[in-house]
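>>> Need a 3D model of the sequence below.
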Amino acid sequence: MRAARIVCIASLAMAPACAVPEPARPLPAANATPPSPGIVDIPRVAGRPDASGGDMRTLEPFTGDLDVLVERGVVRVIAAPGRTHLETVDGLLLGRTVDAADAFERFLNQRLAPRSISVVVSAASETALVPDLIAGQADIAANLLRTFERDDKVAFARPWRTGVREFVVTGPGVPPLVSLEDVGGRTIHVRPNSDHHASARRLNEQLKTIDRPPANIVLAAESQSDEDLLELVNGGGAPATLVDDYIYDHWRPTFTKTAVNRDVAVSQDGEIGWAVRKDAPKLLDLLNEFFTTHRLTF
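As a prediction, this is how the structure comes out:
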């Protein structure tokens, strides 16, 4: 997920684009400080059965805070699909969002004992995460990049990732970027209406201000995840794509034909976290406590 963050194009002429802040990036949250020592690393699980489609509690839209969810016995988490965070393999849900949901379920049940509650994970498109959350199709939207626009609509818990940087990843035979100006004229594949798509459009706007050619933005299928696009670039099927640093670092040993210039970031200082509806302060408090004591690593 990509935020609208400051994009500074290095130029010999000190282009004015560098001085124009992006309008959609909120200030760092007060609870976005690094986690304290002694927190628990969220373990990986073998997978969880995909039971969301057969449980009417997950299919019927409803809203409410923690007390309502406890009465219903379920917390619904939605996340965009991708090999890092959420995928279905042989009927099992796998990925770091599944691992975090499993740990959050145990955490909740410790707090709620003798009551118990299930945490159910299902996939939703990137563009549907916030609308589905607000409409009561879910109680938590996972892995959202925090922006001013999203801050106005939902309540973000303590981010599980801060300082996120967005890289242009190039494939075999394609030279890595020398600077952001070097994006001009290159072809970059991104999902339509994604955070990466928004970043590419903003970068093109800034390139225009310094009379540089824009990047050629090619819209991939909405079903293609960041990892799918990385694989496409690695195989030479696309010259470049945009990916968050932690995703790239996780998959770099697999996609060995890709390259980045780590000194050139399209955006930086991003915060990624889970979000709830604004009318769920008790659930938000528990999420904040959970992500204060639990760390999601890759």
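
>>> Skipping adjacent residues, who's closest to residue 42 in space?
Counting by C-beta to C-beta, 6 or more residues apart in numbering, residue 42 lies nearest to residue 103, which is 4.8 Å off, once chain neighbours are set aside. All C-beta atoms are positioned from the backbone trio N, CA, C, and that covers glycine.

>>> Tell me the backbone dihedrals of that neighbour, please.
Taking degrees, to the nearest 10, you get phi -70, psi -40 for the backbone angles of residue 103.

>>> ok, now residue 274?
The phi/psi pair for residue 274 (degrees, to the nearest 10) is phi -100, psi 150.

>>> Does it touch residue 287 like I think?
Yes: counting by C-beta atoms under 8 Å, residue 274 does reach residue 287; the two are 5.8 Å apart.

>>> Quick check: neighbours shared by the two?
140, 157 (C-beta atoms under 8 Å, 6 or more residues apart in numbering).

>>> So these two - more neighbours on which side?
Just comparing residue 274 and residue 287: by other C-beta atoms under 10 Å the higher neighbour count belongs to residue 274, 28 against 24.

>>> So for residue 49, what pLDDT did the model give?
Here, the pLDDT recorded for residue 49 equals 88.

>>> Dig out what it forms beta bridges with.
Listed beta-bridge partners, residue 49: residue 92 (assigned using DSSP bridges).

>>> Distance of residue 172 relative to residue 273?
Per C-beta to C-beta, to the nearest Å, residue 172 is found 35 Å from residue 273.

>>> Give me the neighbour count for the residue nearest to residue 42.
Neighbour tally, residue 103, other C-beta under 10 Å: 20.

>>> my guess is it meets residue 295, correct?
No: using C-beta under 8 Å, residue 103 makes no contact with residue 295, being 10.2 Å away.

>>> Residue 162 is in what secondary structure piece?
Counting by DSSP states H and E, the element that carries residue 162 is strand 161-170.

>>> residues near the residue lying closest to residue 63 once chain neighbours are set aside, how many?
In this structure, residue 63 finds its nearest non-sequential neighbour in residue 136, 4.3 Å apart by C-beta to C-beta, 6+ apart. For residue 136, the count of nearby residues is 14 (other C-beta under 10 Å).

>>> cool, the one 4 residues further on as well?
By the criterion of other C-beta under 10 Å, residue 140 has 27 neighbours.

>>> would you list every one of the strands in the stretch 151-298 of the chain?
155-156, 161-170, 187-190, 216-219, 240-244, 267-276, 294-295 (DSSP state E, counting those that start in this stretch).

>>> Quick check: which of those is buried the most?
Highest mean neighbour count among the strands of the stretch 151-298 of the chain (mean count of other C-beta atoms under 10 Å): strand 240-244, with a mean of 27.

>>> Name the surrounding residues that touch it.
By C-beta under 8 Å, 6+ apart, strand 240-244 touches 1-2, 164-171, 174, 186-190, 196, 199-200, 226, 229-230, 232-233, 266, 270, 272.

>>> can you rerun that using 6 Å?
164, 166-170, 186, 188-190, 196, 226, 229, 233 (C-beta atoms under 6 Å, 6 or more residues apart in numbering).

>>> go on, stretch 112-129?
52, 58, 70, 73-78, 80-81, 86, 93, 98, 101, 104-105, 108-109, 132, 141, 193-194.

>>> Now list the buried members of these.
Among the contacts of stretch 112-129, the ones that count as buried by 16 or more other C-beta atoms under 10 Å are 52, 58, 70, 74-78, 80-81, 86, 93, 98, 101, 104-105, 108, 132, 141, 194.

>>> Out of those residues, which sit inside helices?
Among the buried ones among the contacts of stretch 112-129, the members found in helices (DSSP state H) are 58, 70, 98, 101, 104-105, 108, 132.

>>> Can I get stretch 171-190 as CSV, trimmed to CA atoms?
Below are the C-alpha coordinates for stretch 171-190, written out as CSV (Å, rounded to 0.1, in the frame of the first residue of the first chain):
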residue,chain,number,x,y,z
GLY,A,171,14.5,-6.3,-14.4
PRO,A,172,17.3,-8.0,-16.3
GLY,A,173,18.9,-5.9,-18.9
VAL,A,174,17.3,-2.7,-17.5
PRO,A,175,19.6,-0.3,-15.7
PRO,A,176,18.5,0.8,-12.2
LEU,A,177,17.6,4.4,-11.7
VAL,A,178,20.3,7.0,-11.3
SER,A,179,17.9,9.6,-9.9
LEU,A,180,14.2,10.2,-9.9
GLU,A,181,14.6,12.3,-13.0
ASP,A,182,15.8,9.0,-14.6
VAL,A,183,12.2,7.7,-14.4
GLY,A,184,11.3,9.9,-17.3
GLY,A,185,10.7,7.8,-20.5
ARG,A,186,10.8,4.5,-18.6
THR,A,187,7.9,2.0,-18.6
ILE,A,188,6.5,1.1,-15.2
HIS,A,189,3.8,-1.5,-14.5
VAL,A,190,1.4,-0.9,-11.6
